[in-house]
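A.B. asks: I would like the atomic coordinates for the input below:
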Amino acid sequence: MNRFFKNTILVLLLVFMGHIAFAQQFVTHAVKEGETLESIAKQYRVTPYNILKFNKELKQNDELSPNTILVIPSGLAAGQDPSAPVAGKKKLFPEEEPQEQIEPSGFGRHKVRKKETLYGIAKRYNITEEDIKRYNRELYSSQLRKKMILRIPKYPEQRGRTERDSILEADFEIYTVAPKETRWSIAHKYGITIDSMLVLNPDLSKITDYLREGQELRLPKMPGSTTENQETELYISYTVPPKMNFYRLEKEFGVKSDEIVRLNPEIAERGGLKEGMVIRLPEKKLDPGAINTENYIFYEVKPKQTVFSLTRKLGISYEDLLLLNPDLKEGLKAGMVLKLPTDQKGDFEVRNALVLDKINLLDSIDPANRPKLLFLLPFRLDRLNLRDKESVETNIENRNDIKYSLGLYSGALVALDSIAELGISVDVRTYDNQLNLARTKEVLFRENLLDVDAVVGPLDEQSLKEVAVRTSVHGIPVIAPVPVKSDISLNNVFFSYTSDNILRKRMLQHVTDSLTGQNVVVIADQKNGVVKDSILAKFPMAKVLEVKEEEKNIGINREKLATMLSEEVENWVFVETGNFKLISSVVSILNSFNGALLDVESSTEKLKVRMFTTNKNRAFENDVISSSHLSNLRFTYPSVYREVANDKFVKRYRKRFGDTPDRYAVRGFDITYDLLLKLAYKNNLMEASKLIGKTEYTGNTFDYEKDFATGYFNQASYIMTYDNLRIKEVKENP
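C.D. replies: Now for the predicted structure:
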């Protein structure tokens, strides 16, 4: 058995023997006056070296400052009760005082009318949305429906009033969210900060930025929005230029001439508009409906930012920024939301129309953050006899669950080594869930989830759901390392594998951006009819070649295809199928056309053919499909994975395991390294994901976007192409 399998058994032994290297338990210790490294080491029955190993910021002869928090590896102080609390131990989640639950004195009934919302009904009866859901539990899993009968709790008069109730209602209005609006676009429209919006609307989620169309928000009334408050209308001073008249003023400022005269009596006194006259005009306002994600992108000003640093980052002059954001004349304030043109370029990324600051994670590590990870993977130690090398090798070769788990975990071990070199201590606990739901429940029952910052795995859907449900109570993120169905309606799951639907959209956008008059042809079987329609929606001029599907045979008409190909321009052919026989036939036919002459006698230009797909499934990897033909056709496709170069990770992996990492080992490294860097930057993955855009490592790229109820989805991918018998990444223009 080669060196790789020897090291595979080593990895399994690490799991089997109770996580010798990485599953160590830790406590924290707050240094007291007069304590030394030696005295603390003696107290916890460890060596000073062990403490230094997990506290990289300390040096051998440094004096310890009081209140410094040290991470102490496993071992209990002499005589200490294992169940007793450890001195200086920090709680991840401080306990909250239980609030008294006031019971309703009775119930009423409400029949839901068309277009009613939960917010509106709650406001009508002076209760919260949660009050309604508590006594109408179907609302936790389904939407409000017309004609639904709700139980409305009635509370005693003395029920405590909230801060929100004490705000004068006359100063606020109910705003209905329009399509393509976000929290930032609405905050800009009303001139408030996101924090203010959350205060006014405490029911808004704190872990997602989601707003649904038709959702109702409580917002301050804008100046001049009512006839009773015309005094609060905003005005500007305007110096009349040469040849200015009332018609041009009306066109420019949208105000009638009689209104201009009413606001400026001196116009009548001086016999009309005069050059150089300073008059008062209403400040021109944009139509509120125009401020949305179609027309603008938005940036939330950070603390301590200056106008100089901001304009340099956003790539815009102060004058242009002021034109778009008139409130800037009052000064730059942290939290204010600025709008920018959708095509604005600068030192930033944009996601969901929100400008994100570029963050270098390697330069943003906080050594005080010490992530705690839980790995739950099906190593299937219950099926392996580690004393029988041949049976272990056979099981690994024949069982994908073991193969994937070993690959992912071996890559994760290299990531742990790499993160340790950066001075970050990580507590890792690893379990074999045996691809079994009962085993998963057993592990979760034994584990103290309050100490966990993130869970990686499991691989099977049932176990993943169970983990997601149990961890969602504590707001713990769960990373799905391989493709899994996204019907898990919990918002703490990070789907790291980019979905087929997102890959398809990326590919179609790439072709749209690259198309310069080429002839597009679509070849799709019946199972891919929806895909064919999506391609035609993007390229209405495309030609469609029918696929002949019989009981035992599948193929295309070569002569019919020849009539669809163009001699004048390059032919771009989409092949959409999961049938390797059809792919093999089409590839062979397209390759025979590529570079050929349709009309030999006339010696016209040779045909140029390229092949594309929006979904490179396993059928494209069948051995009967010629790689040289794919290379001749410059076959191009979207991918979650790119070919790995001989980088630092690959060298480290070879040194440790004696073999080249497969794509699962690469994935295990990239997922774990990305996760640990984000936790080392901000010890909360949900918060970090709001601030950090796209990240990229050895063979995988990540850009998590929050969906309201079903978790975080990776939006990032690559466009790959066959070129001279090699697979290369297509570099696109930013």
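A.B. asks: Can you get me a residue count around T498?
C.D. replies: By other C-beta atoms under 10 Å, the residues close to T498 number 24. For glycine as for every other residue, the C-beta is placed from the backbone atoms N, C-alpha and C.
A.B. asks: what's the spacing between L310 and Q344?
C.D. replies: Taking C-beta to C-beta, to the nearest Å as the measure, L310 falls 13 Å from Q344.
A.B. asks: er, D674 I mean
C.D. replies: Applying C-beta to C-beta, the value for D674 to Q344 is 28 Å.
A.B. asks: ranges for the strands of the stretch 101-250 of the chain?
C.D. replies: 106-111, 149-154, 172-176, 216-220, 235-239 (DSSP state E, counting those that start in this stretch).
A.B. asks: Give the closest residue to K302 in space, chain neighbours not counted.
C.D. replies: Among residues not flanking K302 along the chain, A334 sits closest, at 6.4 Å (C-beta to C-beta, 6 or more residues apart in numbering).
A.B. asks: mind checking pLDDT for that neighbour?
C.D. replies: Looking at A334, its pLDDT reads 84.
A.B. asks: neighbour count winner among D674 and Q344?
C.D. replies: Higher neighbour count among D674 and Q344: D674, with 22 against 18, using other C-beta under 10 Å.
A.B. asks: Now the phi/psi pair for that one, please.
C.D. replies: phi -60, psi -50 (degrees, to the nearest 10).
A.B. asks: I'd say it and Y697 touch.
C.D. replies: Yes: between D674 and Y697 there is a contact under C-beta atoms under 8 Å: 6.3 Å.
A.B. asks: Quick one: closest of the strands of the stretch 101-250 of the chain to L508.
C.D. replies: Ranking those by their distance to L508 (criterion: C-beta to C-beta) puts strand 172-176 first, at 32.9 Å.
A.B. asks: May I have the strands that pair with that closest one, each with its orientation?
C.D. replies: Neighbouring strands of strand 172-176 in its sheet, by DSSP bridges, are strand 216-220 (antiparallel).
A.B. asks: Spatially nearest residue to T721 (excluding sequence neighbours)?
C.D. replies: T636 (4.3 Å).
A.B. asks: who touches the one you found in this structure?
C.D. replies: Neighbouring residues of T636 by C-beta atoms under 8 Å, 6 or more residues apart in numbering: 610-612, 719-722, 730.
A.B. asks: so the residue nearest to K302 touches L310, yeah?
C.D. replies: No: counting by C-beta under 8 Å, L310 is not a contact partner of A334; they are 11.2 Å apart.
A.B. asks: and the longest helix seen in the chain, what does it pack onto?
C.D. replies: Selection of the longest helix in the chain by residue count, based on DSSP state H, yields helix 400-420. Packing partners of helix 400-420 (3 or more C-beta pairs under 8 Å, 6 or more residues apart in numbering; DSSP states H and E): helix 3-16, strand 372-377, helix 389-398, helix 648-657, helix 663-681.
A.B. asks: tell me the mean pLDDT over the shortest one?
C.D. replies: For strand 372-377, the mean per-residue pLDDT is 96.
A.B. asks: so what does that strand touch, helix or strand wise?
C.D. replies: The helices and strands touching strand 372-377, judged by 3+ C-beta pairs under 8 Å, 6+ apart, are helix 400-420, strand 427-432, strand 454-456, helix 663-681.
A.B. asks: Could I get the CA-only coordinates of the helix or strand where V520 lies as PDB?
C.D. replies: Assessed by DSSP states H and E, V520 sits inside strand 519-524. C-alpha atoms of strand 519-524 as PDB (Å, rounded to 0.1, in the frame of the first residue of the first chain):
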ATOM      1  CA  ASN A 519     -24.200  32.500 -34.900                       C
ATOM      2  CA  VAL A 520     -25.800  30.800 -31.900                       C
ATOM      3  CA  VAL A 521     -27.100  27.200 -32.100                       C
ATOM      4  CA  VAL A 522     -28.800  25.300 -29.300                       C
ATOM      5  CA  ILE A 523     -28.800  21.500 -29.000                       C
ATOM      6  CA  ALA A 524     -30.900  20.300 -26.000                       C
END
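A.B. asks: circling back to that earlier point, have a look at A334 and L310 and say which one is more surrounded.
C.D. replies: Using other C-beta under 10 Å, the more surrounded residue of A334 and L310 is L310, with 19 against 12.
A.B. asks: Next, the more buried one: secondary structure please.
C.D. replies: Under DSSP: H, G, I helix; E, B strand; the rest coil, L310 falls in the helix class.
A.B. asks: what pLDDT does it get?
C.D. replies: Model confidence at L310 (pLDDT) stands at 90.
A.B. asks: got the contact list for it?
C.D. replies: For L310, the contacting residues are 301, 321, 332, by C-beta under 8 Å, 6+ apart.
A.B. asks: and the residues you listed as CSV, adding secondary structure, distance to N126 and neighbour count?
C.D. replies: CSV is the format used below for the contacts of L310 (DSSP: H, G, I helix; E, B strand; the rest coil; distance: C-beta to C-beta, whole Å; neighbours: other C-beta atoms under 10 Å):
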residue, secondary structure, distance to N126, neighbour count
V301, coil, 36, 16
L321, helix, 43, 19
L332, coil, 40, 17
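A.B. asks: Can you tell me which of the residues you listed is nearest N292?
C.D. replies: Proximity of those to N292 (C-beta to C-beta) peaks at L321, which lies at 19.2 Å.
A.B. asks: from memory that closest one sits against T311, does it?
C.D. replies: Yes: if you go by C-beta under 8 Å, L321 and T311 touch, sitting 6.3 Å apart.
A.B. asks: coming back round to it: can I get the contacts of T636 in JSON lines including neighbour count and pLDDT?
C.D. replies: Supplementary listing: the contacts of T636 in JSON lines, determined by neighbours: other C-beta atoms under 10 Å; pLDDT from 0 to 100:
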{"residue": "R610", "neighbour count": "17", "pLDDT": "97"}
{"residue": "M611", "neighbour count": "27", "pLDDT": "98"}
{"residue": "F612", "neighbour count": "25", "pLDDT": "98"}
{"residue": "I719", "neighbour count": "22", "pLDDT": "97"}
{"residue": "M720", "neighbour count": "19", "pLDDT": "97"}
{"residue": "T721", "neighbour count": "19", "pLDDT": "97"}
{"residue": "Y722", "neighbour count": "20", "pLDDT": "97"}
{"residue": "V730", "neighbour count": "15", "pLDDT": "94"}
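A.B. asks: Just give me the closest of these to P483.
C.D. replies: Distance ranking of the contacts of T636 against P483, using C-beta to C-beta, places M720 first at 17.6 Å.
A.B. asks: how about the nearest residue to the closest one, chain neighbours excluded?
C.D. replies: S639 (4.8 Å).
A.B. asks: Against F445, how distant is G423?
C.D. replies: Distance from G423 to F445, by C-beta to C-beta: 34 Å.
A.B. asks: I149 now?
C.D. replies: Distance, I149 to F445, by C-beta to C-beta: 39 Å.
A.B. asks: Export the helices and strands packed on strand 372-377 as CSV, with columns for distance to R470 and mean pLDDT.
C.D. replies: Listed next are the helices and strands packed on strand 372-377 as CSV, based on distance: least, C-beta to C-beta, whole Å; pLDDT from 0 to 100:
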stretch, distance to R470, mean pLDDT
helix 400-420, 21, 93
strand 427-432, 14, 94
strand 454-456, 9, 97
helix 663-681, 19, 96
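A.B. asks: Between those, which one is closest to V278.
C.D. replies: That would be helix 663-681 among those, by C-beta to C-beta, at 52.4 Å.
A.B. asks: Tell me the buried residues in the closest one?
C.D. replies: The neighbour-count check on helix 663-681 (16 or more other C-beta atoms under 10 Å) flags 663-681 as buried.
A.B. asks: now swap in stretch 299-314 and tell me
C.D. replies: Residues 299-301, 310-311, 313-314 are the ones in stretch 299-314 that count as buried (16+ other C-beta under 10 Å).
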